[in-house]
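Undergrad: turn this into a model:
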Amino acid sequence: MNVRPEKTATVDKVPLREKLFYGAGSGSFQLSSDGVKGLANPIYNITLGLNPALVGLVLMIARLFDAFTDPLIGKLSDDARTRWGRRRPFIFVGSFLTAGSFILIWFVPESWAGNTWPLFTYYLIAMLIFYFCATIQVVPYHTLGLEMTPDYNERTVVSSYKMMFSFVFTLFLPWIFRLAQSDVFEGNTMAGMRYWSFILAGLIIVGGILPAIFVKERYYKLASGQSKIPFWRGFRLTLQNKPFMVLTGIILTMGLGNGMVHALGPYIVYYHIFDGDTKAGAGLIAVASNCFSVLAIISIPLLTALSKRIGKVRMLQLLIILGMVSSLSSFFLYSKSMPYLVIIVYLLAAPAAAGFWTLTGSMKADICDDDELNNGLRREGMFGAVGGWIMKTMLSCTFLLSGLILEGTGFRVELKGDQLPETIMGMRIWFALVPAVSSGLGLFLLAHYSLSSGRMAEIRKELESRRQTV
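TA: Purely as a prediction, here's the structure:
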C-alpha cells in the first residue's frame, strides 16, 4: 500500500528560532571547509609557489585522515550521555578548535616561499590539525540536523535553512584572495591573508556555538535508553542499509566529478580570460560567486516547496540535469571576449547545487528512520560518520587528481599569462565534460533509491506503533 504523507503536524514543526540557529552552524563549518579548499591554490600555489600537485597531495592526505576520524567522533557522540545532550558539547568545543586551527594554516613563514619541502611539511601538519578539530564540530553538527523532526517534509525545511546559511556565510569568502592583495597590505598577500583569517575565525566561532546553545536534541530521550553497540557491529549495520549506500553512491559520484576539476575554473579565468591578471580574475570570480550564492539563497525556499509537491526523488533528478547543463555550458561561456558570461554558468549551477545538498541532507534523516525500523536503534551519528568516511576517503583522491590534471595540461605558474593554447584548451575540456559524465552516473543510481514519500509515511506509522511518538 502506498500511503501518502500527511500535512506536517504542528507538533512536528521545528520552531523558527531553532531553524535559524541550526542554520548558523552550517555557515560556520562551510566557511572553514570552503575556506581551506578555495584558498589552497591561490595562497600555496600562486602566492607561495608550491607545486599544484603537492597542494593536491596535502589536501588528499588531510581528507583521508579526516575520513578516518569521522566514525570515531560519530560513535563517541552517539554514546555520549551528558546533561547538555549527545551532540551539543562536541559542537561547542569544536567551534573554537576549528577557528584556531584555521588561522594556523596561513601563518607559514613567508621566507619559505618557493622552498618546496618546508612549505609542504608546514602545510600538511597544519591541515591535519585543522581537519581533526573540524571533525569534532562537524560530525555532531550534521547529526543534530537528522534528529530535529520526524516529519518527511519538515526535514527538507530544516535542511533548507542549513543550506541558506551556508551560502550567506560564504558570500564574503570569494573576495578574500582579492582583498588580501589590496594596496593597504603593500603587496604582501600573506599579511592580508593572515589579517582576514582572524575575521573568518570569529565568524566560525559565532556560527558554531549558536546551535550548541539553542538547538534541542529531540531524539535524546529515546536514544538515551538504548543499549550501546560495539563499533564494528554498528559499522556493518550501517553499510548493510541499501538506501544509505545508494544515496552515498549518488553523492560520491557527483562529488568525484566536480571535485576532480573544480580547481580548474579559477585558472581558466585567470589565465585564459585575463591573461594571468589574478587581481582582475579574482574580482570576476568573486562577483560570479556572490551571484551564485544570492540565487542559491533565493532558490532554496522555492525548491523546497516544489519538492513537497513532486517528491524528493523527482526533484533531485531535475537538479542533477540542471547541473549537467551548467557544466557543459562552461565550455562556451568562459569567453575571453565576453568575460561576464562566466556569471551565467554560476547562475545555472546555483539552484542545482543548493537543491542537491538540501535534499540529500533531508534524505539522510529518512534513512535513519529506515534503519530504526530494521534494527530498533537511533544511530544518526554513525550514519553521518560512515557516510562521511566513505565520501572523504574516495573524494580525497580528487585533490591529488585535480593537481595532476592541472599539471598534466601543461600549466606552469612561472609562465603567468603566456600559457600554451593547448594548455588552456585542455583545462576547458576537462572542466566541462567530467562533471557532466558524473551527473549521468548520478541519475542512474537515483533510479534505484527506494525511500519515496509514500514509503516514509508507512515507516513512520510502523515505528510509532512500536514506541512513543517523538
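Undergrad: need the contact list for Val287.
TA: For Val287, the contacting residues are Ile343, by Cβ atoms under 8 Å, 6 or more residues apart in numbering. C-beta: built from backbone N, CA, C; applies to glycine.
Undergrad: kindly report the same for Gly355.
TA: Contacts of Gly355 by Cβ under 8 Å, 6+ apart are Ser299, Ile300, Leu303, Ser307, Met315, Leu316, Leu319.
Undergrad: so which helix or strand takes in Leu144?
TA: Using DSSP states H and E, Leu144 maps to helix 116-146.
Undergrad: what about that helix, distance to the chain center?
TA: On the basis of Cα atoms, centre = their mean, to the nearest Å, helix 116-146 sits 14 Å off its chain's mean C-alpha point.
Undergrad: can you give me the buried ones in it?
TA: For helix 116-146, the buried set under the neighbour-count rule, 16 or more other Cβ atoms under 10 Å, comprises 119-120, 122-124, 126-146.
Undergrad: hang on, the earlier thing: which of the contacts of Gly355 sits closest to Gly202?
TA: Set against Gly202, the nearest of these by Cβ to Cβ is Ile300 (25.6 Å).
Undergrad: pull the number of nearby residues for that closest one.
TA: Ile300 has 26 neighbouring residues, counting by other Cβ atoms under 10 Å.
Undergrad: ok, it to Ala288 distance?
TA: Taking Cβ to Cβ, to the nearest Å as the measure, Ile300 falls 19 Å from Ala288.
Undergrad: repeat that for Val168.
TA: 17 Å.
Undergrad: who's more crowded, those two?
TA: Of the pair Val168 and Ala288, Ala288 is the one with more neighbours under other Cβ under 10 Å, namely 23 against 20.
Undergrad: run through the residues that contact the spatially closest residue to Leu97 that is not a sequence neighbour.
TA: Nearest non-adjacent residue to Leu97, counting by Cβ to Cβ, 6 or more residues apart in numbering: Cys133, 3.7 Å away. Listed by Cβ under 8 Å, 6+ apart, the contact set of Cys133 reads Gly94, Leu97, Thr98, Gly100, Ser101.
Undergrad: among the residues you listed, which ones are buried?
TA: Those of those that meet the buried threshold are Gly94, Leu97, Thr98, Ser101, by 16+ other Cβ under 10 Å.
Undergrad: I'd like the mean pLDDT over stretch 272-290, please.
TA: Confidence over stretch 272-290, taken as the mean pLDDT, stands at 90.
Undergrad: buried residues in that stretch?
TA: 272-274, 277-278, 280-290.
Undergrad: quick check: the nearest residue to Tyr44 once chain neighbours are set aside vs His142, distance?
TA: Spatially, and ignoring its direct neighbours in sequence, Tyr44 is nearest to Leu50 (4.6 Å; Cβ to Cβ, 6+ apart). Look at Leu50 and His142: by Cβ to Cβ, they are 31 Å apart.
Undergrad: show me where pLDDT drops low in the stretch 101-250 of the chain?
TA: Across the stretch 101-250 of the chain, residues meeting the criterion (pLDDT under 70) sit at 219-228.
Undergrad: that one: strands as residue ranges?
TA: Listed in chain order, the stretch 101-250 of the chain contains no strands at all (DSSP state E, counting those that start in this stretch).
Undergrad: residues contacting Ala282?
TA: By Cβ under 8 Å, 6+ apart, the neighbours of Ala282 are Pro42, Pro174, Trp175, Phe177, Arg178, Gln181, Pro266, Tyr270.
Undergrad: 10 Å - rerun?
TA: Residues near Ala282 by Cβ atoms under 10 Å, 6 or more residues apart in numbering: 42, 46, 174-181, 266, 269-270, 274.
Undergrad: same check on Ile204?
TA: Contacts for Ile204 (Cβ under 10 Å, 6+ apart) come out as 27-32, 35, 95-96, 98-103, 134, 137, 169.
Undergrad: the closest residue to Ser438 other than its chain neighbours - how many residues pack around it?
TA: The spatial neighbour of Ser438 that comes closest, neighbours along the chain excluded (Cβ to Cβ, 6+ apart), is Gly257 at 2.4 Å. A total of 24 residues lie near Gly257 under the criterion other Cβ under 10 Å.
Undergrad: ok, now Ile310?
TA: 12.
Undergrad: checking Arg81 next. Helix, strand or coil?
TA: Secondary structure, DSSP: H, G, I helix; E, B strand; the rest coil: Arg81 is coil.
Undergrad: that one and Arg87, how far apart?
TA: Arg81 sits 12 Å away from Arg87, going by Cβ to Cβ.
Undergrad: ok, Asp151 next?
TA: 20 Å.
Undergrad: of those two, which one has the most company?
TA: Applying other Cβ under 10 Å to Asp151 and Arg87 shows that Arg87 carries more neighbours, namely 28 against 23.
Undergrad: the more buried one touches Val138, doesn't it?
TA: No - counting by Cβ atoms under 10 Å, Val138 is not a contact partner of Arg87; they are 11.1 Å apart.
Undergrad: which residues are in contact with Asn45?
TA: Asn45 sits next to Asn51, Pro52, Ala53, Leu54, Val55, Gly56, Ala263, Tyr267, Gly403, Leu406, Phe411, Val413 when contact means Cβ under 10 Å, 6+ apart.
Undergrad: next, count neighbours for Leu341.
TA: Other residues within reach of Leu341 by the criterion other Cβ under 10 Å amount to 16.
Undergrad: check the secondary structure at it for me.
TA: Strictly by three-state DSSP, Leu341 counts as helix.
Undergrad: can I assume it is in contact with Phe331?
TA: No - applying Cβ under 10 Å as the test, Leu341 and Phe331 come out as separate, 11.5 Å apart.
Undergrad: can you pull out the helices in the stretch 351-470 of the chain?
TA: Assigned by DSSP state H, counting those that start in this stretch, the helices in the stretch 351-470 of the chain fall at 380-408, 421-446, 453-466.
Undergrad: so which of these is the most packed in?
TA: helix 380-408 (a mean of 22; mean count of other Cβ atoms under 10 Å).
Undergrad: just the angle for that one relative to helix 116-146, thanks.
TA: If you take axes from the mean of the first three to the mean of the last three Cα atoms, to 10 degrees, helix 380-408 sits at 150 degrees to helix 116-146.
Undergrad: now the angle from helix 380-408 to helix 421-446?
TA: Using the same axes, to 10 degrees: helix 380-408 against helix 421-446 is 150 degrees.
Undergrad: what's near enough to touch the closest residue to Ala385 other than its chain neighbours?
TA: Closest residue to Ala385 apart from its sequence neighbours, by Cβ to Cβ, 6+ apart: Gly74 at 2.4 Å. Residues in contact with Gly74 (Cβ under 10 Å, 6+ apart) are 135, 139-140, 142-143, 231, 234-235, 238, 379-389.
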